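Undergrad: Make a model of this:
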Amino acid sequence: MKIIVRWLLLAAALLLVAHLYPGVVVKSFGSAMIAALVLGLLNTLLRPILVLLTLPVTLVTLGLFLFIINALMFYFAAQLIDGLQVAGFTAALIGSLIYSLCGMVIDVAMERVFKRG
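TA: Residues are numbered from 1 along each chain as shown. Sure, this is the predicted structure:
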């Protein structure tokens, strides 16, 4: 149940990103749900490999390169899904920042809600 609620909230977060930033366009809630699923899969499967491969660059930049990796995941997801459009790499960077902030808020809220029940 917790996973489904988190997935729906992350899809809503993608719609919020599209509403707040014009460089990101989400066509529908269904597209947002698919995009949230694809982003989750990319972050679970591909991101750890990229983080490991770019560890020296990440260390030199004091972790700031992780923002670039997040933007690449966001941009790559937009390339895979028809319902999610990103205007360019800068839009992917800003969109991924907003989406990450929403994800952190969702995670904190989920911990509080499901901790009670």
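Undergrad: Mean pLDDT per helix and strand in this protein: which one sits at the bottom?
TA: Each helix and strand of the chain was given a mean pLDDT (mean pLDDT, DSSP states H and E); the minimum falls on helix 89-116 at a mean of 94.
Undergrad: Could you tell me the average pLDDT over the helix or strand harbouring Gly40, please?
TA: Secondary structure from DSSP states H and E places Gly40 in helix 29-45. Confidence for helix 29-45, expressed as mean pLDDT, is 96.
Undergrad: so what secondary structure elements neighbour that helix?
TA: For helix 29-45, the contact count by 3 or more CB pairs under 8 Å, 6 or more residues apart in numbering; DSSP states H and E identifies helix 2-20, helix 65-80, strand 84-86 as packing neighbours. Backbone N, C-alpha and C define where each C-beta goes, glycine included.
Undergrad: Tell me the buried residues in the helix or strand that comes right after it?
TA: Once helix 29-45 ends, the next helix or strand along the chain (criterion: DSSP H and E) is helix 47-53. Across helix 47-53, burial judged by 16 or more other CB atoms under 10 Å covers 47, 50.
Undergrad: so after helix 47-53, what's the next helix or strand?
TA: helix 55-60.
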